[in-house]
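**Student:** Sequence plus predicted model, see below.
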Amino acid sequence: MPGMSRYFFRKAIKSQGSAPRTITLDGYAASHRAVREMKADGQLPADTKVRSSKYLNNLIEQDHRGVKLRIGPMLGFKWFTTAAIVIAGIELLRRIYKGQFDLGGLRLKDRSTSAVWNAVLAA
């Protein structure tokens, strides 16, 4: 489907509120072409850097490794709803553990993973 890469980039920029300073792409030619066209049309700033590496985006993929390790021994899920709830819980716990969860509204004295987990569940 032509233009899907441009559609994706426009949607991503709109959701973020501003254009990125750097874009990391793999070797997919359509993505590179879309970025060039968007720069030419003025939809992206001309000084936006484009990096091309199949390894730089692996950080995002590696983040899911912990979830995969937890889900593997479960041998799958019977219902989609159950899977969504369990995966959301695992992701939340990982975000708390990595310090990525915004704790401002919780007003906690103890910021251990278990204290945050209990406060989030109680909220």
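**Tutor:** On my side now, so go ahead. Values in this document were obtained by computation on a predicted structure and should not be read as measured data. Numbers count the residues shown, from 1 in each chain.
**Student:** What about the closest residue to residue 49 other than its chain neighbours, how many residues nearby?
**Tutor:** Leaving aside its sequence neighbours, residue 49 sits nearest to residue 22 (CB to CB, 6 or more residues apart in numbering; 4.5 Å). To be clear about C-beta, it is placed using only N, CA and C from the backbone, and glycine gets the same treatment. Neighbours of residue 22 under the rule other CB atoms under 10 Å: 9.
**Student:** One more: the one 4 residues further on?
**Tutor:** Residue 26: 13 surrounding residues under other CB under 10 Å.
**Student:** And for residue 5?
**Tutor:** Residue 5 has 20 neighbours, counted by other CB under 10 Å.
**Student:** Figure out how far the host helix or strand of it is from the centre of its chain.
**Tutor:** For residue 5, the host element (DSSP states H and E) is helix 4-16. Its chain's average C-alpha position is 14 Å from that of helix 4-16, according to CA atoms, centre = their mean, to the nearest Å.
**Student:** before we move on, back to that, could you double-check that the residue nearest to residue 49 sits in contact with residue 52?
**Tutor:** No: using CB atoms under 8 Å, residue 22 is not in contact with residue 52, being 11.5 Å away.
**Student:** can you give me the helices in this structure?
**Tutor:** Listed in chain order, the helices found in the chain under DSSP state H are 4-16, 29-41, 58-63, 65-71, 80-97, 113-122.
**Student:** which secondary structure elements does the first one contact?
**Tutor:** Under the contact criterion of 3 or more CB pairs under 8 Å, 6 or more residues apart in numbering; DSSP states H and E, the helices and strands touching helix 4-16 comprise helix 29-41.
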